[in-house]
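Student: Give me coordinates for this.
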Amino acid sequence: MSTLFSRIIAGELPGQFVHEDDLVVAFLSIQPLSEGHTLVVPRLEIDDWLECPGDVRDRLFAVAQRVGRAIRDVYAPSRVGLIVAGFEVPHLHVHVFGVVGLESFDFRLAREASQEELAVVARRLRDAM
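Tutor: Numbers count the residues shown, from 1 in each chain. Presented below is the predicted three-dimensional model:
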């Protein structure tokens with residue numbers, strides 16, 4: 001059975017993409033913790049990050065760093081955070097988002113964002129990348 005993220009990658013569900021290549025994609029979270037909150041996801045359905053092949057892992061984190069720099073350039077947060085939580089969707093994904101302190105890592109602070117709002121953010125990040 002395909003995961004929610006595989007369905008987004010396949011275009012079956014909406015997603016605001018900021019990056020796509022043969023190994024990984026990056027799209028905006030529909031429940032962002034801060035402006036530009038992006039999920040970097042391998043195309044390959046991998047549940048546990050410990051099982052990720054080295055080439056995919058390396059590309060995943062290279063893209064996460066590129067996205068993080070774009071978030072920093074566009075939104076100027078104090079820092080850019082990164083989380084591999086692994087509980088929301090059984091498909092490896094890296095959260096990349098602007099933070100002001102440890103309190104920024106609390107998923108209870110997430111809010112709903114519309115596809116229209118996310119489209120504007122995605123365009124800004126793509127332009128910065």
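
Student: what about the helices in this protein?
Tutor: Counting by DSSP state H, the segments of the chain that form helices are 4-9, 54-75, 115-128.

Student: Let me see the contact set for the residue nearest the centre of the chain.
Tutor: Closest residue to the average C-alpha location of the chain: Leu39 at 1.2 Å, with CA atoms, centre = their mean. Residues near Leu39 by CB atoms under 8 Å, 6 or more residues apart in numbering: Phe5, Ala26, Phe27, Leu28, Ser29, His93, Val94, His95, Val96. The C-beta positions use only the backbone N, C-alpha and C, and glycine is treated the same way.

Student: Val24 - how many residues pack around it?
Tutor: The number of residues packed near Val24 is 24, by other CB atoms under 10 Å.

Student: Same check on Thr3?
Tutor: Residues near Thr3, counting by other CB under 10 Å, number 17.

Student: Could you pull up the residues touching it?
Tutor: Glu45, Val89, Pro90, His91.

Student: Give the PyMOL command for selecting the buried subset of those.
Tutor: Buried members of those, defined by 16 or more other CB atoms under 10 Å, are picked up in PyMOL with:
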select buried, resi 89+91
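
Student: tell me the two of the contacts of Thr3 that are most distant?
Tutor: Maximum pairwise distance in the contacts of Thr3, criterion CB to CB, is 10.2 Å, between Glu45 and Val89.

Student: Among the contacts of Leu39, name the ones in strands.
Tutor: Among the contacts of Leu39, the members found in strands (DSSP state E) are Ala26, Phe27, Leu28, Val94, His95, Val96.

Student: contacting residues for the first one?
Tutor: By CB under 8 Å, 6+ apart, the contact set of Ala26 is Phe17, Val18, His19, Glu20, Thr38, Leu39, Val40, Val41, Val63, Ala64, Val67, Val96.
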